[in-house]
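Visitor: here's my sequence, what's the structure:
(one chain, ligands or ions: 1)
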Amino acid sequence: MKVVVIGATSGIGRALAKKMSSSGWVLGITGRRLELLDSLETELASECYKSQFDVTDVEQSTAAFEALVAEMGRIDVVVINSGYGNTDPQFPLAEEVQTALVNVVGFTTIANLAYCHFQQQGAGHIVGISSVAAVRGGPFATYNASKAYVSSYLEGLGCRKESRSGAITITDIRPGFVNTDMAKGDGLFWVASPEKAADQIYTAIKAKKRIVYITKRWRMVAYLIMSLPFSLYRRIIGQGAGV
Ligand SMILES: NC(=O)c1ccc[n+]([C@@H]2O[C@H](COP(=O)([O-])OP(=O)(O)OC[C@H]3O[C@@H](n4cnc5c(N)ncnc54)[C@H](OP(=O)(O)O)[C@@H]3O)[C@@H](O)[C@H]2O)c1
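Guide: Below you'll find the model as predicted:
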């Protein structure tokens, strides 16, 4: 199997690349930090192709993604893992805009390119790394909104002809807390290691699941969050985030 992992330099993406490589998958790895792509390459057991690009630059991403796919030949799976979030209580606009650029613009660019590639190829699998945050708004508003966008976009792709026929598979991965650079702050609970998250994501991809919570018990949290009245929800989520 051949897989492209967008955002493989650290955290969940890096652990997933290693897991897939140890299972013999050929890897295409991307991110902005070239030194981390280089160090990851040395840790992988299988063939590896690297591409350095910023997903917020649509033109650069398009050219780089197409060049990577051409270099790898046939690809079977694209994992869109790149993501950004900020928990600065000052709520700076620049951080909100960067979150939207990475999680919405960057995500859309790669998801569209991957879907169109798989349409032409006649088969493929798109995996988006969304979040439990997708199910409801949150005090760092753009992050939750952007992940709701990711999950909705994936559901939309699943409605298209090639997905309905089973030629293209769409998987929406919704992690809870995972111990990475992104998961900062107090009040975190049920924090999974990137390796544990990667193991469960890998299993979900192999099983061609549609929606998966990582770790599994976060499904309960998602349902609880969805069912809470707003008056109670906002108190819990706001105080938990310290804002
Ligand atoms: N950690 C959690 O608790 C948690 C929970 C739910 C969902 N998630 C989601 O899981 C995914 C992975 O996050 P993580 O926790 O593993 O954090 P991380 O270690 O910060 O990884 C983020 C990855 O995204 C890439 N990325 C960020 N901005 C980019 C840009 N402009 N262009 C290209 N690549 C970019 C980074 O690569 P470069 O910096 O090298 O570009 C890095 O490889 C994200 O989508 C995140 O929203 C995480």
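Visitor: kindly export stretch 130-148 (C-alpha atoms) in CSV.
Guide: Provided in CSV are the C-alpha atoms of stretch 130-148 (Å, rounded to 0.1, in the frame of the first residue of the first chain):
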residue,chain,number,x,y,z
SER,A,130,-10.8,16.0,12.6
SER,A,131,-11.5,16.2,16.4
VAL,A,132,-14.0,15.5,19.1
ALA,A,133,-14.2,19.4,19.0
ALA,A,134,-16.1,19.0,15.7
VAL,A,135,-19.3,18.1,17.5
ARG,A,136,-19.9,21.5,19.2
GLY,A,137,-18.6,25.1,19.4
GLY,A,138,-15.8,26.0,21.8
PRO,A,139,-14.1,29.0,23.4
PHE,A,140,-11.2,29.0,20.9
ALA,A,141,-14.0,29.4,18.3
THR,A,142,-12.1,28.9,15.0
TYR,A,143,-10.6,25.5,16.1
ASN,A,144,-14.0,23.9,16.8
ALA,A,145,-15.6,25.5,13.8
SER,A,146,-12.8,24.4,11.5
LYS,A,147,-13.1,20.8,12.7
ALA,A,148,-16.8,20.9,12.2
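Visitor: and that stretch, how far out from the chain's middle?
Guide: Using C-alpha atoms, centre = their mean, to the nearest Å, the mean C-alpha position of stretch 130-148 is found 13 Å from that of the whole chain.
Visitor: that one near the ligand at all?
Guide: Yes - under the criterion of C-beta under 6 Å from any ligand atom, the ligand is reached by stretch 130-148 at Ser131. The way it works is simple: take the backbone N, C-alpha and C, and place the C-beta from them, glycine included.
Visitor: quick check: buried residues in that stretch?
Guide: Neighbour counts over stretch 130-148 (16 or more other C-beta atoms under 10 Å) mark 130-136, 138-140, 142-148 as buried.
Visitor: so which of these sit within helices?
Guide: Within the buried residues of stretch 130-148, membership in helices is found for Thr142, Tyr143, Asn144, Ala145, Ser146, Lys147, Ala148, as judged by DSSP state H.
Visitor: with the residues you listed in mind, which one is nearest to Val5?
Guide: Closest to Val5 out of those is Lys147 (18.5 Å), distances taken as C-beta to C-beta.
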